[in-house]
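>>> my questions are about this predicted structure, shown below with the sequence.
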Amino acid sequence: MFNFEYYAPTKIIFGKNTEDQVGEQIKNFGGSKVLIHYGSKSAVKSGLIDRVKQSLDESSISYVELGGVVPNPHLSKVYEGIELGKKFNADFILAVGGGSVIDSSKAIAYGLAEPDCDVWQFHTKQNKARKCLPIGVVLTIAAAGSEMSNSCVITNEKTGEKRGHTNNLSRPKFAIMNPELTMTLPDYQTQAGCVDIMMHTMERYFTQGGNMEMTDTIAEGLLRNVMKYALILHNDPKNYDARAEVMWAGSLSHNGLTGCGNNGMDFASHKLEHELSGMFDVTHGAGLAAIWPTWARYVYKNCLHRFVKFSINVMQVEAASTDEETALKGIAAMEDFYKKINMPTNLHELGINPTDEQINQMAESCASAAGGQIGAAQKLSKGDMITIYKNAI
């Protein structure tokens, strides 16, 4: 077991109709001039934005709105939000949406707190944020866990680069989580979200040594729980309890809890997928499902003890005659689960067929952004990344 720090300051308000409390919560955290940031028109059509504005009116909080965030949120929208926030003199950012909206809000909050800095330089590691406006969240998609995390991922649509910035300054002050707000999501988006939730824990699970039994117990239970309720939602999308279970798992999966005492984090699958979605604009969770089986088969021998434990405790397969066979049975069982929820298990099923030139470009970009290597289960260089991308087709 390794030393660790656990920091999760976000206040959670969970349950039905909790979005009615948004004005009260912003006032409690000192906000008076709010930039409401959201994604598609569905937030408006559903009446959610109107309910949010009514709550702000009742708390005598002024506001401006900026919609139009897309999946794999664009840097240009971040710049637009910064300019709008400056003109309005915003002192608080309210994200109404899922991970893309929250990450875009975080980037805007960085830019408003340090108007002389370019937020993209935070994401390319040319600079480090020192300030951030306070952020609140009304969550509408269970997936990214950004409502409690310290991470922010933005896509520069001009260059095709998708890059993240990690900083505790951007952890939201509060997150309002009403599972009913996720009931209108298409099944594909729900299931892609479930994959993303699981991957946030799996990226912390497949590491070399130092794993704490308490953390493993939490991580394995979370993974089994999400798999159970993903299947239920696949057939019964209006099931409130299933929505609630998945929503809470999303927050716990990415607020650091499932990595306490571990020897670092892997996140190779995430970084490989970031290049896919940066180049091809695919749904993040689906991209993770498409790349993970190939990554797992590439690295499992180097992290065999963890894959055996995962196979037995999470995928609940029977131990085979050798550890290698057990590990491979667990990987295959995960592929079967992806198929049951209509998620891809390779790039062809994802709908893309990258050329050798594109694969080389993605591997080069991934390696360059990471300083040469990625991963903890196994260190991966550019050549390894190329092989994984090719094998995933």
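That came through, no problem.
>>> so Gln373 sits against Cys366, correct?
No. Here Gln373 does not reach Cys366: they are 9.9 Å apart, not a contact under CB atoms under 8 Å. (Each C-beta comes from the backbone N, C-alpha and C, glycine too.)
>>> the more surrounded of the two?
Set side by side, Gln373 and Cys366 show more neighbours around Cys366, with 24 against 15, by other CB atoms under 10 Å.
>>> among the helices and strands of the chain, which has the poorest mean pLDDT?
Counting by mean pLDDT, DSSP states H and E, the chain has its least confident helix or strand at helix 42-45, which shows a mean of 89.
>>> output the contacting helices and strands for the helix or strand following that one.
Note on helix 42-45: by DSSP states H and E, the next helix or strand toward the C-terminus is helix 48-58. In terms of contacts (3 or more CB pairs under 8 Å, 6 or more residues apart in numbering; DSSP states H and E), helix 48-58 is packed against helix 22-28, strand 33-38, strand 62-66, strand 92-97.
>>> now do helix 48-58: distance to the chain's middle.
27 Å (CA atoms, centre = their mean, to the nearest Å).
>>> and it, what's buried?
Within helix 48-58, the residues that count as buried by 16 or more other CB atoms under 10 Å are 48-49, 51-53, 55-56.
>>> again, but for stretch 361-377
For stretch 361-377, burial by neighbour count (16+ other CB under 10 Å) applies to 362-363, 365-367, 369-370, 374-377.
>>> now Ala230. Its backbone dihedrals?
The phi and psi values for Ala230, taken as degrees, to the nearest 10, are phi -60, psi -40.
>>> which helices and strands sit right next to the helix or strand hosting Thr387?
Assessed by DSSP H and E, Thr387 sits inside helix 382-392. Taking 3+ CB pairs under 8 Å, 6+ apart as contact, the helices and strands that helix 382-392 lies on are helix 268-280, helix 284-299, helix 356-370.
>>> redo that, cut-off 10 Å
Judged by 3 or more CB pairs under 10 Å, 6 or more residues apart in numbering; DSSP states H and E, the packing partners of helix 382-392 are helix 268-280, helix 284-299, helix 347-350, helix 356-370.
>>> Glu5: which of those is closest?
Closest to Glu5 of the helices and strands packed on helix 382-392, according to CB to CB: helix 268-280, at 21.5 Å.
>>> could you give the angle of that closest one to helix 284-299?
130 degrees (axes from the mean of the first three to the mean of the last three CA atoms, to 10 degrees).
>>> how about helix 268-280: buried residues?
Of the residues in helix 268-280, 268-280 count as buried by neighbour count, 16+ other CB under 10 Å.
>>> one more: stretch 155-174?
Result for stretch 155-174 [16+ other CB under 10 Å]: buried residues 155-157, 160-165, 167, 169-174.
>>> hmm, back to that, find the residues that touch each one of Gln373 and Cys366.
Common contact partners of Gln373 and Cys366 (CB atoms under 10 Å, 6 or more residues apart in numbering): 268, 380, 382, 385.
>>> in this structure the second one contacts Tyr389, no?
No. Because the distance of 11.1 Å does not satisfy CB atoms under 10 Å, Leu380 is recorded as not touching Tyr389.
>>> ok, these two, which is more surrounded?
Higher neighbour count among Leu380 and Tyr389: Leu380, with 27 against 24, using other CB under 10 Å.
>>> with adjacent residues omitted, what lies nearest to the more buried one?
Ile374 (5.2 Å; CB to CB, 6 or more residues apart in numbering).
>>> residue contacts, that neighbour?
Ile374 makes contacts with 266-272, 366-367, 380-382, 384-385, as judged by CB under 10 Å, 6+ apart.
>>> ok, now Gly164?
Residues near Gly164 by CB under 10 Å, 6+ apart: 103, 122-123, 125, 151-154, 267, 270-271, 274, 369.
>>> and the host helix or strand of it, how far out from the chain middle?
If you go by DSSP H and E, Gly164 is part of strand 161-166. Distance of strand 161-166 from its chain centroid, counting by CA atoms, centre = their mean, is 12 Å.
>>> give the pairing partners of the helix or strand following it; include direction for each.
The helix or strand immediately downstream of strand 161-166 is strand 174-177, counting by DSSP H and E. Strands that pair with strand 174-177, judged by DSSP bridges, come out as strand 11-14 (parallel), strand 135-139 (parallel).
>>> the longest one vs strand 92-97, what angle?
Meaning strand 135-139. Interaxial angle, strand 135-139 versus strand 92-97 (the same axes, to 10 degrees): 20 degrees.
>>> what mean pLDDT does strand 135-139 have?
With pLDDT averaged residue by residue, strand 135-139 scores 98.
>>> packing partners for the very next helix or strand once past that strand?
Per DSSP H and E, strand 135-139 leads on to strand 151-156 as the next helix or strand towards the C-terminus. Applying 3+ CB pairs under 10 Å, 6+ apart, we find strand 151-156 packed against helix 75-88, helix 99-113, helix 119-123, strand 161-166, helix 268-280.
>>> that older thread, what touches both of Leu380 and Tyr389?
Listed as contacting both Leu380 and Tyr389 by CB under 10 Å, 6+ apart are 272, 295, 363, 366.
>>> so who does Glu203 touch?
Glu203 is in contact with 253-254, 258-259, 265-271, 288, 292, 375-377, counting by CB under 10 Å, 6+ apart.
>>> repeat for Phe310
Neighbour list for Phe310: 202, 205-206, 216, 219-220, 223, 296, 300, 303, 317, 326-327, 330-331, 333-334 [criterion: CB under 10 Å, 6+ apart].
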